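Chemist: Need coordinates for the following:
(one chain, ligands or ions: 1)
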Amino acid sequence: MLDKDSLWQKLSEQFRENTTDLTYDTWIKPVTPISFDGSTLTLSLPSELHRDYWKEQLAPNLIEYAFVITKGNIEPKFILDSDVKKEETELESEPTDDANEPEPDEEFSFSKETHLNPNYTFDNFIIGKGNQMAHAAALIVSEEPGKLYNPLFFYGGVGLGKTHLMQAIGNKRLEDHPETNVKYVTSEAFTNDFINAIQTNRTEEFRREYRNVDILMVDDIQFFAQKEGTQEEFFHTFNDLYNNDKQIVLTSDRVPQEIPKLQERLVSRFAWGLPVDITPPDLETRIAILKNKAKLDNLVIPNDTLAYIAGQIDSNVRELEGALSRVQAYSKLKNEPITTDLVYEALRGLKLTKTSRELSIVDIQNKVASYFHVSITDLKGKKRMKSIVVPRQIAMYLSREMTNNSLPKIGKEFGGKDHTTVIHACDKISEIIKIDIDIRKEIADIKSELN
Ligand SMILES: Nc1ncnc2c1ncn2[C@@H]1O[C@H](COP(=O)(O)OP(=O)(O)OP(=O)(O)O)[C@@H](O)[C@H]1O
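Modeler: Residues are numbered from 1 along each chain as shown. I've put the predicted structure just below:
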C-alpha cells in the first residue's frame, strides 16, 4: 500500500500535468496530506475557501487520479490546517517530562503508521492456490509469533494481498492478545523515521521505538535497495528482535536475492525463516474474492456476471476490486441492477482489462527453447540429457506458474506426458531455485522477457 506522502506526491503530479500553474499554485500546492488508511485520504487545507473549492471542483479529479494510481476507490476527506494545529497544541499541552525541550525536538515524531486497517483480517481473506501457503504461515505466526517462522517473508507482485495478510497477523494477534505490541511500517516510513532520528539526535529513542515491540512488520522492503545507512540500522533492529524471539514479518515484490544492492548479510537473514510467495489468483479464486467483496458491500450480482468480471481482470486483486467498485458506481449512476450487460458497459473504457493476450504454454516453450538453445522438438520430447531435461522442467514449471493451465493440460502440451511428470518437474525446479543462484537468475531473466 502507498503511504500518504507517496500517494499525495503522485496525485500532485497528476494535477500539475492537468491544470494550469495558477490553479496548481493556488489550490494544490498548499495541501498537506495527513493520513491514508487504504481507502480514505485525509488532506489538510489552509482555509474554508480551499475546502469548498476542493469539495466542489477538485474532488472528482482526485478520485479519478487516485483510481488510476491505486486501482481502488479512494475517498478524500478534507480538514483545515487550523484544526490540525489545535489538535497538536492540545497534545503538546499535556504535561510531559520533556515539555521544556528545545524546539526542533518538539517537531520530531516517529511514523504514525502503526495503525492497522481493520478490514485486513483473515476472515476477509479468500484462500486460493496462489496464496494458501502464505495464508497458512501467517495464521501460524499470528498464533505463535517469534517461534516457527522468523522472519516470515512474503513476496510477489503488486496487489496480491501481501499487506492484507501481514496486517491480518497483527489484527488477529491484537484480538486474541490485546497486550501485544505490534508495529507496522512501510520501509519508507522506517527510512524516514531513521533519518529524522539522526537529524534530531534521537537515535536512542528510535531504537526504543523499533526494538521494544513483539511483532515488527515492514512492508515493501524492496525500497531498502540502495539505502546503505538504513540497511545497516535495520540489520541491527533485526538482530535485536530476532535474538529476543520477537516476530519479524516482511514483504517485498521479489525474493531478497533479487533486491538490488541489498546487503548479503540481510539477504541471508531474510532466508532464515520462511520466504513464501504469493502468485496471482486463478479464475476460481478471483470469482470467490469478488463474491466475498460483493457480500461485504451488500451488492446483488448474479454468479455469471461475477464470473464475467473475474474473466476480464486477471492481473491482481487490487484491480479486481477496482473493477467491482467501478461497476458499483456505474450501476448507481444509471440506477440499474448489476448485470453482465451493465458490467460490459462499465468496464468498456477501462484500460485495466487485459491489454495483451494471455500468455500461453507455447509462448513459454518458445522462449525457453531459444534461451537455452534447444529445439522445440527436444523440449517436448523424451531425451534424458541434462542440457535438455533442465530446460524442459523449467518450461513446465513456468507453464504452471505463469498460466492457468491444469497439470494434465501442461503434460499434454509437452508431448503427451503424464501430469505426475509435470508435478515432478515443478517440485524439482522449486528445490533447485533455493540453492542454485545461476538457475534462479536464468528463470528470472526468462520471466522478465515473457512479461
Ligand atoms: N485473497 C484475498 N482475499 C480478499 N482480498 C484480497 C486478497 N488478496 C488481496 N486482497 C485485497 O486486494 C487489495 C490489494 O492487496 P494488498 O494491498 O494487500 O496487496 P500487496 O500485495 O500488498 O500490494 P503492494 O505490493 O502494491 O503493496 C486489498 O484491498 C486486499 O484486501
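Chemist: Now do the contacts for Asn243.
Modeler: Asn243 sits next to no residue when contact means CB atoms under 8 Å, 6 or more residues apart in numbering. All C-beta atoms are positioned from the backbone trio N, CA, C, and that covers glycine.
Chemist: Next, work out how far apart it and Asn150 are.
Modeler: Using CB to CB, to the nearest Å, one gets 11 Å for the distance from Asn243 to Asn150.
Chemist: Ok, Ser35 next?
Modeler: Taken as CB to CB, the spacing of Ser35 relative to Asn150 amounts to 30 Å.
Chemist: neighbour count winner among those two?
Modeler: When Ser35 is set against Asn150 and neighbours are counted by other CB atoms under 10 Å, the residue ahead is Asn150, at 19 against 16.
Chemist: Hmm, Ile248 and that one touching each other?
Modeler: Yes: taking CB atoms under 8 Å as the definition, Asn150 is a contact partner of Ile248 at 6.1 Å.
Chemist: okay, and the common contacts of those two?
Modeler: Common neighbours of Asn150 and Ile248, counting by CB under 8 Å, 6+ apart, are Tyr242, Gly273.
Chemist: Gly381: neighbour count?
Modeler: When neighbours are defined as other CB under 10 Å, Gly381 has 14 of them.
Chemist: Name the nearest residue to it, ignoring sequence neighbours.
Modeler: Excluding the flanking residues, the one nearest Gly381 by CB to CB, 6 or more residues apart in numbering is Gly415, at 5.9 Å.
Chemist: repeat for Ser44
Modeler: Once flanking residues are discounted, Ser44 sits nearest to Thr32: 4.5 Å by CB to CB, 6+ apart.
Chemist: go on, Trp27?
Modeler: Spatial nearest neighbour of Trp27, excluding adjacent residues (CB to CB, 6+ apart): Tyr53 at 5.9 Å.
Chemist: now swap in Leu80 and tell me
Modeler: In this structure, Leu80 finds its nearest non-sequential neighbour in Leu45, 6.1 Å apart by CB to CB, 6+ apart.
Chemist: for Gly128, same thing?
Modeler: Across the structure, with CB to CB, 6+ apart as the measure, the residue nearest Gly128 apart from its sequence neighbours is Thr285 (2.8 Å).
Chemist: The helix or strand hosting that neighbour: how far from the chain's middle?
Modeler: Secondary structure assigned from DSSP states H and E places Thr285 in helix 283-296. Chain-centre distance of helix 283-296: 19 Å, with CA atoms, centre = their mean, to the nearest Å.
Chemist: Around the residue lying closest to Met402 once chain neighbours are set aside, how many other residues sit close by?
Modeler: Using CB to CB, 6+ apart and skipping the chain neighbours, the partner closest in space to Met402 is Leu359 (5.5 Å). Using other CB under 10 Å, Leu359 has 16 other residues around it.
Chemist: Over to Leu359: give its phi and psi.
Modeler: Dihedral angles of Leu359 (phi, psi; degrees, to the nearest 10) stand at phi -70, psi 140.
Chemist: Surely it touches Thr403?
Modeler: Yes: using CB under 8 Å, Leu359 makes contact with Thr403 at a distance of 5.7 Å.
Chemist: Next up, the contacts around whichever residue of the stretch 151-300 of the chain sits closest to the ligand.
Modeler: Of all residues in the stretch 151-300 of the chain, the one sitting closest to the ligand is Gly161 (2.6 Å; CB to the nearest ligand atom). Counting by CB under 8 Å, 6+ apart, Gly161 makes contact with Phe125, Asn131, Ala134, Ile278, Val317.
Chemist: again, only this time at 10 Å
Modeler: With contact set as CB atoms under 10 Å, 6 or more residues apart in numbering, Gly161 has these partners: 120, 125-126, 128, 130-131, 134-135, 154, 168, 251, 278, 281, 289, 316-318.
Chemist: Restricted to helices, list the residues you listed.
Modeler: Residues from the contacts of Gly161 lying in helices, with DSSP state H as the criterion: Ala134, His135, Ala168, Ile289, Val317, Arg318.
Chemist: so where's the stretch 251-400 of the chain uncertain?
Modeler: 349-357 (pLDDT under 70).
Chemist: rerun at 50
Modeler: Where the stretch 251-400 of the chain drops to pLDDT under 50, the residues are 351-356.
Chemist: how close does Pro118 sit to Lys162?
Modeler: Here the distance between Pro118 and Lys162 works out to 18 Å (CB to CB).
Chemist: So those two - more neighbours on which side?
Modeler: Neighbours around Pro118 and Lys162, counted as other CB under 10 Å, are more numerous at Lys162. The numbers are 26 against 10.
Chemist: Is any residue of stretch 127-137 near the ligand?
Modeler: Yes: figure legend: stretch 127-137 in contact with the ligand (CB under 6 Å from any ligand atom); contacting residues Asn131.
Chemist: And that stretch, end to end?
Modeler: 12 Å (CA to CA, to the nearest Å).
Chemist: Kindly report the same for stretch 376-384.
Modeler: Here the two ends of stretch 376-384 are set 15 Å apart, with distance taken as CA to CA.
Chemist: residues of it that come out buried?
Modeler: For stretch 376-384, the neighbour count (16 or more other CB atoms under 10 Å) marks Asp378, Leu379, Lys380 as buried.
Chemist: who are the neighbours in contact with the second one?
Modeler: What that stands for is Leu379. Residues in contact with Leu379, defined by CB under 10 Å, 6+ apart, are 364-366, 368-369, 372, 388, 391-392, 394-396, 414-415.
Chemist: Over to the last one?
Modeler: The neighbourhood of Lys380, defined by CB under 10 Å, 6+ apart, consists of Gln365, Ala369, Arg392, Ala395, Glu413, Phe414, Gly415, Gly416, Lys417.
Chemist: wait, the first one sits on Phe414?
Modeler: Yes: with contact taken as CB atoms under 10 Å, Gln365 and Phe414 are classed as touching, separated by 8.0 Å.
Chemist: any shared contact partners between these two?
Modeler: Taking CB under 10 Å, 6+ apart as the criterion, Gln365 and Phe414 both touch Leu379, Lys380, Arg392, Ala395, Met396, Ser399.
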